[in-house]
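Enquirer: Return atomic coordinates for the entry below.
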Amino acid sequence: MIVIKVTNASDVVASKIGRFLADLTPSGFDQGKVEEELIKQLVEQLGAQGLQGEVASVQGMDLHNQTITVDNKVQVRWHRVI
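Expert: Residues are numbered from 1 along each chain as shown. Coordinates of the predicted model:
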């Protein structure tokens, strides 16, 4: 299993649409949009390499250095099959 944590979603959105518009959008929206695009690109690239599996964006888990913490409620936001 591979875990990827995006920590600069707001910066990525700001670089694409401009800082002013990025400041008007909530950071949760930024995180979700960046994760959705990342999943789309991962599925495309991994599938092109012949890999099979699943990719998901999960809310309620967090990665701190070498420890993964899990909240009481874990929710899958995005899910794609490769």
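Enquirer: quick one: the strands in the protein?
Expert: In order along the chain, the chain carries the following strands (DSSP state E): 54-64, 67-81.
Enquirer: Point out the most buried one among the ones you listed.
Expert: Between the strands of the chain, strand 54-64 has the highest mean count of neighbours, a mean of 14, where neighbours are mean count of other C-beta atoms under 10 Å. Using the backbone N, CA and C atoms, a C-beta is placed for each residue, glycine as well.
Enquirer: Which neighbouring elements make contact with that one?
Expert: In terms of contact count using 3 or more C-beta pairs under 8 Å, 6 or more residues apart in numbering; DSSP states H and E, strand 54-64 is assigned the packing partners helix 27-48, strand 67-81.
Enquirer: show me the contacts for Gln59.
Expert: 74-77 (C-beta atoms under 8 Å, 6 or more residues apart in numbering).
Enquirer: what sits opposite the closest residue in space to Leu42 that isn't next to it in sequence in the beta ladder?
Expert: In space, Leu42 comes closest to Val55 once its chain neighbours are excluded; the distance is 5.3 Å by C-beta to C-beta, 6 or more residues apart in numbering. Partner residues in beta bridges with Val55, using DSSP bridges, are Arg80.
Enquirer: quick one: Val55 and Leu38, what's the gap?
Expert: Taking C-beta to C-beta, to the nearest Å as the criterion, Val55 is separated from Leu38 by 9 Å.
Enquirer: Then Glu54?
Expert: Using C-beta to C-beta, Glu54 is found at 14 Å from Leu38.
Enquirer: do Ile4 as well
Expert: When distance is defined by C-beta to C-beta, Ile4 is 7 Å away from Leu38.
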